[in-house]
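A.B. asks: Sequence and predicted model, in that order:
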Amino acid sequence: MTEFRYELLATDGKARLGRIHTAHGVIDTPAFMPVGTAATVKGMLPENVADTGAQILLGNTYHLMLRPGAERIARLGGLHKFMNWDKPILTDSGGYQVMSLSKLRKITEDGVTFKSHIDGRKFALSPERSMEIQHLLGSTITMAFDECTPFPATEQQAADSMRMSMRWAKRSKDAFVERDGYALYGIQQGSVFENLRRESSEKLAELDLPGHSVGGLAVGEGQQIMFDTLDFCVDMLPANKPRYLMGVGKPSDLVGAVMRGIDQFDCVLPTRSGRNAQAFTHRGTLNLKNGRHRDDDRPLDDQCNCPACTKYSRAYLHHLIKAGEILGAVLLTWHNLAYYQDLMRGMRDAISEGRMEQFARDFYAGQEGGDI
Ligand SMILES: O=c1[nH]cnc2cc3nc(NCCN4CCOCC4)[nH]c3cc12
Ligand SMILES: [Zn+2]
């Protein structure tokens, strides 16, 4: 019987090395969670996602409830079996994607009604229905149903939005089915206002949840405002529980947020960029569409041991991209996921050896790249 537990193993400044124990296995933190929106990490076999070092995936409630449907996935044995991933899965609660993807949505205190962006069918989400869907999926870590406060927002708008999310957090907890090794995370809101972030944290503390995320960021505020907000809002969350920054981010976001005490991340950037010919490397980002790569037989990244970097040249990757070959998207996705996992592993090692500051300096120096 595995209880859900966070082990804090070391700290270096605000950066933390930890381990989350769950019913589906352990997660070494700081951790990056690849996004598996429609029950697949696009273009990747799950075993190859695991090979990159990923120990947990993110699933999207909004997409899966529309297609193939949560009840259908439950009848077929749950999301782990359905997509052949037996490690932890964190599912989001759907609210954020309703607001960014669906049509004709209506928000009330009860929840949101909306029309599917796929076929226009009508759906409803509420704290209770979101908990039911995530339970049907068999999610290891369930996210509370919240409203991501848009940016910018006035203090009053941010307060009203955060307070509704806190009422929804209580309803989420009341509807959540407790199981050993599974967890419900609360989501801190309050935009960029320190007093509102504190009020949100105090409301969440009353629920005594096993983990929390920082919501309402990576919504267009830019890296500096995100970091300035993290500088005060992360410490408001309990230090003995995981802290997850939703939707983040590009590599320099991850380094800066780890140094501000964040343990978990998710972002579509490595996978979406891989399908769009963009590669993240130790010496900065490259776009393989660029003709300058056509005769370059060097590896994409000489510090990476993924298949794209060990078996192929930049010239070949450029050719695949120009030819619109599926393998181009697959190899660049694979590389980007491997790069993100290498970055997280590098930070975990640096924290355990008390050299996170130096790691960050080396990272930023490397990203200046020059001739990459
Ligand atoms: O408060 C939130 N509550 C629940 N889910 C979220 C998801 C979120 N995702 C982002 N940012 C995602 C930014 N992506 C960057 C790459 O391109 C796609 C968007 N911010 C987020 C905030 C929330
Ligand atoms: Zn690689």
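C.D. replies: That came through, no problem. As the structure is a prediction and not an experimental result, all values here were calculated from the model. Ligands and ions are numbered 1, 2, ... in the order given.

A.B. asks: Sketch out the low-pLDDT regions of this structure for me.
C.D. replies: Counting by pLDDT under 70, the chain contains low-confidence residues at 369-371.

A.B. asks: Let me know the outermost residue of the chain.
C.D. replies: residue 295 (36.0 Å; Cα atoms, centre = their mean).

A.B. asks: Let me see the backbone angles for that one.
C.D. replies: Backbone geometry at residue 295, expressed as degrees, to the nearest 10, gives phi -120, psi 10.

A.B. asks: before we move on, what about residue 242?
C.D. replies: According to degrees, to the nearest 10, residue 242 has phi -60, psi 150.

A.B. asks: if I look at the residue lying closest to it once chain neighbours are set aside, how far off is residue 198?
C.D. replies: Of all residues not flanking residue 242 in the chain, residue 211 sits nearest, at 4.2 Å (Cβ to Cβ, 6 or more residues apart in numbering). From N, CA and C alone the C-beta is placed, and that goes for glycine too. Distance, residue 211 to residue 198, by Cβ to Cβ, to the nearest Å: 19 Å.

A.B. asks: More neighbours: which of those two?
C.D. replies: Shown here are residue 211 and residue 198; by other Cβ atoms under 10 Å, residue 211 has more neighbours (22 against 15).

A.B. asks: Tell me the buried residues in the lengthiest helix in the chain?
C.D. replies: When the chain is parsed with DSSP state H, its longest helix is helix 326-352. Judged by neighbour count using 16 or more other Cβ atoms under 10 Å, the buried positions of helix 326-352 are 328-344, 346-348, 350-351.

A.B. asks: didn't the residue farthest from the centre of the chain look like it was pressed against residue 314?
C.D. replies: No: taking Cβ atoms under 8 Å as the definition, residue 295 is not a contact partner of residue 314, at 9.0 Å.

A.B. asks: For the protein, what lies in contact range of ligand 2?
C.D. replies: 301, 304, 306, 308, 309, 335 (Cβ under 5 Å from the ion).

A.B. asks: What is the neighbour count of the closest residue in space to the last one that isn't next to it in sequence?
C.D. replies: Once its chain neighbours are removed from consideration, residue 335 has its nearest residue in residue 308; the separation is 4.1 Å (Cβ to Cβ, 6+ apart). Neighbouring residues of residue 308 were enumerated by other Cβ under 10 Å; the total is 29.

A.B. asks: cool, and residue 285?
C.D. replies: 16.

A.B. asks: and if you look at the one 3 residues further on?
C.D. replies: Other residues near residue 288 come to 26 when the count uses other Cβ under 10 Å.

A.B. asks: my guess is it meets residue 315, correct?
C.D. replies: No: judged on Cβ under 8 Å, residue 288 makes no contact with residue 315 at a distance of 9.7 Å.

A.B. asks: which SSE is the closest residue to residue 134 other than its chain neighbours in?
C.D. replies: Here the nearest residue to residue 134 in space, its sequence neighbours aside, is residue 142; by Cβ to Cβ, 6+ apart that works out to 4.3 Å. Residue 142 belongs to strand 141-143 when assigned by DSSP states H and E.

A.B. asks: In the sheet, which strands lie alongside that strand, parallel or antiparallel?
C.D. replies: Next to strand 141-143 in the sheet, as set by DSSP bridges, lie strand 89-91 (parallel), strand 183-188 (parallel).

A.B. asks: Would you map the helices across the stretch 101-250 of the chain?
C.D. replies: 127-137, 155-175, 194-207, 223-233 (DSSP state H, counting those that start in this stretch).

A.B. asks: Output these in TSV, with distance to residue 63 appended to each entry.
C.D. replies: Below are these laid out as TSV (distance: least, Cβ to Cβ, whole Å):
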stretch	distance to residue 63
helix 127-137	11
helix 155-175	20
helix 194-207	26
helix 223-233	25
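
A.B. asks: Can you tell me which of those is most buried?
C.D. replies: Ranked by mean neighbour count, the helices of the stretch 101-250 of the chain are led by helix 127-137 with a mean of 23 (mean count of other Cβ atoms under 10 Å).

A.B. asks: Packed most tightly, which of the strands paired with strand 141-143 would that be?
C.D. replies: Counting by mean count of other Cβ under 10 Å, strand 183-188 has the highest mean neighbour count of those, with a mean of 27.

A.B. asks: most centrally placed residue in this structure?
C.D. replies: The centroid of the chain falls nearest to residue 266 when counting by Cα atoms, centre = their mean (1.2 Å).
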